[in-house]
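>>> fold the following for me, if possible:
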Amino acid sequence: MSEESAATGGESTDFKPITTQEDFNKILGERLKRAKPSDYDDLKAKAAQFDQAQQDKLTETQRLQAQLEELSGKAKTAQRENARLAAIAAEGIPAEYQDLVHGETPEQFATSAKKAKELISKAAAAESKPGVSYRVNLDGDGSDKLALNGSGIEDALKRKLGIS
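Numbers count the residues shown, from 1 in each chain. Next comes the predicted model:
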């Protein structure tokens, strides 16, 4: 046996060098066919199904995460409004003044409600004092009656400015 046939396992092969791209592609294609598993197409289809399932799972997770964030926001808003209404009820703020109570925490709502109650009580005390009038005399004639047209205002302004 010669050295060449001993190296190849006893088979004699004639080595032909690859000289063209076509020869190379043909030899490479044959090798790839031999290297490819017999169930390659099945495995490829299963991998595609797995990828799709992972994508669907991710999409479902994202949908649930968005829903969780939305519900958490609604719960936070409801808790905030509940704290605001509790502070309003504790201080006995009338309905027309409830929009004065503001804040983010129960402590802030309580402080705001106390301030609103103080303002309401001061305003009520000022209205009940005799002789105090917040009415502006628009005619310039000293009466308590409001002018029905602008001529009284114009005449009073002219008198004050010294214009006839």
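>>> which helix or strand contains Ser38?
Ser38 is part of no helix or strand when elements are defined by DSSP states H and E.
>>> burial of Gln65, as a residue count?
Gln65 has 10 neighbours, counted by other Cβ atoms under 10 Å. All C-beta atoms are positioned from the backbone trio N, CA, C, and that covers glycine.
>>> name the helix or strand for it, please.
With DSSP H and E as criterion, Gln65 is part of helix 40-91.
>>> swap in Asp14?
Counting by DSSP H and E, Asp14 is part of no helix or strand.
>>> only the buried residues of the next helix or strand after the helix holding Gln65, if you could.
Sequence order places helix 106-128 as the next helix or strand after helix 40-91, per DSSP H and E. For helix 106-128, the neighbour count (16 or more other Cβ atoms under 10 Å) marks 109-110, 112-113, 116-117, 120 as buried.
>>> send me helix 106-128 as CSV with only the CA atoms.
Output in CSV follows, covering the C-alpha atoms of helix 106-128 (Å, rounded to 0.1, in the frame of the first residue of the first chain):
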residue,chain,number,x,y,z
PRO,A,106,-54.2,63.6,53.6
GLU,A,107,-52.2,66.1,55.7
GLN,A,108,-52.2,68.7,52.9
PHE,A,109,-56.0,68.2,52.5
ALA,A,110,-56.5,68.7,56.2
THR,A,111,-54.4,71.9,56.3
SER,A,112,-56.1,73.2,53.2
ALA,A,113,-59.6,72.5,54.7
LYS,A,114,-58.7,74.3,57.9
LYS,A,115,-57.6,77.3,56.0
ALA,A,116,-60.7,77.3,53.9
LYS,A,117,-62.9,77.1,57.0
GLU,A,118,-61.0,80.0,58.6
LEU,A,119,-61.6,82.1,55.4
ILE,A,120,-65.3,81.2,55.4
SER,A,121,-65.7,82.1,59.0
LYS,A,122,-63.9,85.4,58.6
ALA,A,123,-66.0,86.3,55.5
ALA,A,124,-69.2,85.5,57.5
ALA,A,125,-68.0,87.6,60.4
ALA,A,126,-67.3,90.5,58.1
GLU,A,127,-70.7,90.4,56.5
SER,A,128,-72.4,90.4,59.8
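>>> pLDDT of the helix or strand just after that helix, averaged?
Proceeding N to C from helix 106-128, the next assigned helix or strand is helix 151-161, under DSSP H and E. For helix 151-161, mean pLDDT is 75.
>>> low-confidence ranges in this structure?
Residue ranges of the chain with pLDDT under 70: 1-12, 129-152, 164.
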